[in-house]
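>>> A predicted structure for the sequence below; I have some questions about it.
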Amino acid sequence: MNLLRERYRVDLVELQAACEANYARLMRLLPEMRDGPGSRRVALSQGEYLLGVLALDVVETCPYTTTLQVRQEHSLPWLPVPRMEVRVYHDARMAEVISAENARRFRSIYAYPNAAMHQPDEKSQLNLFLGEWLSHCLACGHELVPVL
């Protein structure tokens with residue numbers, strides 16, 4: 001019986017597809033991101049109950065890239081609050097997570113186990129999570145209207 005696991009290999013096609021899909025989703029949510037500082041709030045609710053707000057804030061704009069902070073606001077107190085920094089590459093039409101919580105600059109592969117307890121495919125998982133989060137907001141979210 002062989003007890004050795006096969007080493008994880010990055011599926012580059014899958015990672016690029018996730019980053020391309022995230023770019024398309026972000027452009028639908030924040031199409032004017034290249035114009036400079038800006039933000040958008042998308043509310044997620046069930047009936048009259050506000051479950052959370054997706055906050056998209058432009059942190060930096062350059063000729064070919066935009067950096068966004070993506071976070072959850074006003075969520076349920078028992079839920080962890082996701083917070084990510086996303087770099088949008090307009091020339092390549094891709095968007096990737098460059099930091100999440102307090103971790104920055106993710107490697108493509110991590111040895112496992114490791115001191116930081118990253119999964120071997122941490123970078124892929126974060127980009128897939130971002131895609132699911134944005135897709136959910138596009139499907140179920142609505143513009144946050146301030147109460148006067």
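On my side now, so go ahead.

>>> can we go C-alpha only for contacts and neighbour counts from here?
Noted.

>>> Going by length in residues, pull out the top strand of this structure.
If you go by DSSP state E, the chain has its longest strand at strand 49-61.

>>> Would you mind listing where the protein has pLDDT under the threshold?
Flagging of the chain using pLDDT under 70 yields the residue ranges 1-10, 102-120, 144-148.

>>> what about the residue nearest to the spatial centre of it, which SS state?
By CA atoms, centre = their mean, the chain has its centre lying nearest to Leu130, at 3.2 Å. At Leu130, secondary structure determined by DSSP: H, G, I helix; E, B strand; the rest coil is helix.

>>> Return the set of buried residues in the longest strand of the chain.
Using 16 or more other CA atoms under 10 Å as the test for burial, strand 49-61 gives 52-61.

>>> what does stretch 73-80 give?
So stretch 73-80, judged by 16+ other CA under 10 Å, has buried residues 73, 75.

>>> mind exporting it as PDB, just the C-alpha atoms?
The C-alpha atoms that make up stretch 73-80 are tabulated as PDB, following Å, rounded to 0.1, in the frame of the first residue of the first chain:
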ATOM      1  CA  GLU A  73     -19.800  45.100   5.800                       C
ATOM      2  CA  HIS A  74     -22.800  44.800   8.200                       C
ATOM      3  CA  SER A  75     -22.700  41.000   8.300                       C
ATOM      4  CA  LEU A  76     -24.200  38.800  10.900                       C
ATOM      5  CA  PRO A  77     -22.200  38.900  14.100                       C
ATOM      6  CA  TRP A  78     -21.300  35.200  14.200                       C
ATOM      7  CA  LEU A  79     -20.000  35.200  10.600                       C
ATOM      8  CA  PRO A  80     -16.300  35.800   9.800                       C
END
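
>>> Skip the chain neighbours and tell me the closest residue to the residue nearest to the centre of the chain.
Asn22 (7.3 Å; CA to CA, 6 or more residues apart in numbering).
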